[in-house]
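In: This is the structure alone, sequence omitted:
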Ligand SMILES: Cc1ncc(COP(=O)(O)O)c(C=O)c1O
């Protein structure tokens, strides 16, 4: 049984409540309780299926409270709290990994290899899921000269860490190097960095489905962007006419739009809604922070009592807050933001406390 304390803001009221995530190992039943009497999420995960089946998708949506954040009310904002879902691979990870895990299972492969940095949420989730599902995992880690708590977790969960120089890591799309890695760790399934691609996209259709099933109507939907796979899943799966905005975590990644198109093409799915990528909220670059981002995140967390991390979700909410503050977006238009998790990464930012 795992338990985490976190204050929650529900329907405009700030409720200091304990969220308790209960996973009963034998039956794999998930309950997330706001108080002993209010269950906000309940689901059943068959052992080995990885993804809790939602009984009511709308209950994992939380409305931000009206108290202003740095002078701006964010009461029109609803948060889809994927960070509360997915057990040991919370956030968008469980959705993105599911296709690869199925592919490995179908081919009888028990070892999965993938790529990431020393703080990678993707490798962290893969290692955790591998330990749960009894799969061997190999993490090819970029310039892993510094030990991080994330790498410690990965090793503890049995992931074999293969550190490579930054120069070698740049070859992660090079088919010769990939074939070589695959052979060296054979039999293994090689999953692209960040779980990117059509398999990942198909898993993310389930996120869109959660929104569709909620029956709620949003003018805008925001999601953070690393590889663009989660964004691609949303724009292929969302119904209605929200405008979807991906918020780039990287600076100057002008090929992201093209990559999203490629994932859609590879999966044979069209974009069903209009979408664009916001490129002005990187705050200095991937995993970098600016004084403005730090001030916003500290203010946001203290008002809304919702944990963020600076690489993805902090920048997404910062982009939204700036647009509301500048009056570019109206405060009464309903917005959904997808909280994609990544909270293990908070450990790399001492200022977050
Ligand atoms: C917490 C978090 N949010 C968002 C993303 C971006 O997802 P994507 O690579 O699908 O764009 C990632 C990366 O996987 C992530 O770890």
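Out: On my side now, so go ahead. Being a predicted model, the structure only gives us computed values, none of them experimental.
In: Ramachandran coordinates for the one residue in the chain that gets nearest to the ligand?
Out: Going by Cβ to the nearest ligand atom, the ligand is nearest to residue 342 of the chain, at 2.6 Å. From N, CA and C alone the C-beta is placed, and that goes for glycine too. For residue 342, the backbone dihedrals are phi 80, psi 20 (criterion: degrees, to the nearest 10).
In: can you pull the contacts of it?
Out: 83, 91, 121, 309, 311, 312, 313 (Cβ atoms under 8 Å, 6 or more residues apart in numbering).
In: now, which of those residues lie within helices?
Out: Among those, the members found in helices (DSSP state H) are 121, 313.
In: now the contacts of residue 342 in CSV, with distance to the ligand and pLDDT?
Out: Putting the contacts of residue 342 into CSV (distance: Cβ to the nearest ligand atom, whole Å; pLDDT from 0 to 100) gives the following:
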residue, distance to the ligand, pLDDT
83, 8, 96
91, 5, 96
121, 3, 98
309, 7, 98
311, 7, 98
312, 3, 98
313, 6, 98
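In: contact partners of the longest helix seen in the chain?
Out: Identified as the longest helix of the chain according to DSSP H is helix 198-214. Outside helix 198-214, the residues that touch it by Cβ under 8 Å, 6+ apart are 51, 54, 57-58, 60-61, 80, 82, 92, 94-100, 103, 191, 194, 218, 221, 227, 229-230, 232-234, 236-240, 263-264, 266-267, 269, 336, 338.
In: Could you give the average pLDDT over it?
Out: When pLDDT is averaged over helix 198-214, the result is 96.
In: can you start the count at 587 instead of 1 from here on
Out: All set: I'll call the first residue 587, so the last point we hit is now helix 784-800.
In: does it come close to the ligand?
Out: No: on the criterion Cβ under 6 Å from any ligand atom, helix 784-800 is out of touch with the ligand, staying 6.5 Å away.
In: residues of that helix that come out buried?
Out: When burial is assessed from 16 or more other Cβ atoms under 10 Å, helix 784-800 yields the following buried residues: 784-797, 800.
In: ok, now stretch 681-690?
Out: By neighbour count with 16+ other Cβ under 10 Å, stretch 681-690 contains the buried residues 681, 682, 683, 684, 685, 686, 687, 690.
In: What lies in contact with that stretch?
Out: By Cβ under 8 Å, 6+ apart, stretch 681-690 touches 636-637, 668, 672, 675, 696, 698, 708, 711-712, 715, 719, 721, 775, 777, 780-781, 784-786, 788-790, 792-793, 815-816, 819.
In: rewinding a little: which members of the contacts of helix 784-800 occur in strands, if any?
Out: 640, 647, 666, 807, 922, 924 (DSSP state E).
In: from the residues you listed, which is closest to residue 938?
Out: Closest approach to residue 938 among the ones in strands among the contacts of helix 784-800 (Cβ to Cβ): residue 924, at 20.5 Å.
In: Now that closest one: closest residue in space, sequence neighbours ignored.
Out: residue 809 (4.3 Å; Cβ to Cβ, 6 or more residues apart in numbering).
In: In terms of pLDDT, where does that neighbour sit?
Out: 99.
In: Next, the contact list for it, please.
Out: With Cβ under 8 Å, 6+ apart, residue 809 has these contacts: 816, 817, 820, 830, 831, 832, 833, 902, 923, 924, 926.
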